[in-house]
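>>> model the following, please.
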Amino acid sequence: MFNRLERDTFNELVQQRLEVEYEPVIHIGSRRLIPDFRVGSTYIECTANLKVNVKGPALRQRFRLLRDRVPFSGGIVVTLPFLVPRYKHYLGMDSEVVTVQGLRKIMKD
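Reported below is the predicted structural model:
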């Protein structure tokens, strides 16, 4: 795993007995997207990037591209507690933004 947030996210998904793919390579035309995780057709990105004004729109664009080109049931951003509202601002209703603990609830639903 690249960092602690990814490791904690992976551990949470495994504890829920979900089939998790780490860093799947998705080819879309000449582009190659590598989300942090895929669970079925749900894509999960982990970030603690403080430059939310840059990272947030990039994640929104990535999820939209995935939604338009591959089987896609949802996008989830896992971040630190104090960054959740900031990422929600940029991602809006397009995807879920949660902490690792919040991931437990939405993946069970």
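
>>> residue 77: what's it in contact with?
By CB atoms under 8 Å, 6 or more residues apart in numbering, the residues touching residue 77 are 44-47, 59, 87, 91, 95-98. Heads up, the C-betas are built off the backbone N, CA and C, glycines and all.

>>> what about 7 Å?
Going by CB atoms under 7 Å, 6 or more residues apart in numbering, residue 77 touches 45, 47, 59, 87, 91, 95, 97.

>>> same check on residue 25?
32, 34.

>>> which stretches of the protein form strands?
21-22, 26-28, 31-33, 37-39, 42-46, 74-78, 96-98 (DSSP state E).

>>> circling back: farthest-separated two in the contacts of residue 77?
47 and 95 (12.1 Å; CB to CB).

>>> tell me the average confidence for the helix of greatest length in the chain?
Determined from DSSP state H, the single longest helix within the chain is helix 52-69. Taken as a whole, helix 52-69 has an average pLDDT of 94.

>>> could you do stretch 28-44 as well?
Mean predicted confidence for stretch 28-44 is 94.

>>> and that stretch, end to end?
17 Å (CA to CA, to the nearest Å).

>>> contacts for it?
So stretch 28-44 is in contact with 6, 9-10, 13, 18-26, 45-46, 62-63, 65-66, 69, 71-76, 78, going by CB under 7 Å, 6+ apart.

>>> contacts only, for residue 60.
Residue 60 touches 90-91, 94, counting by CB under 7 Å, 6+ apart.

>>> can I get the residues you listed in a markdown table with neighbour count, distance to residue 102 and pLDDT?
Converted to a markdown table, the contacts of residue 60 look like this (neighbours: other CB atoms under 10 Å; distance: CB to CB, whole Å; pLDDT from 0 to 100):
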| residue | neighbour count | distance to residue 102 | pLDDT |
| --- | --- | --- | --- |
| 90 | 18 | 17 | 92 |
| 91 | 20 | 14 | 92 |
| 94 | 16 | 17 | 76 |
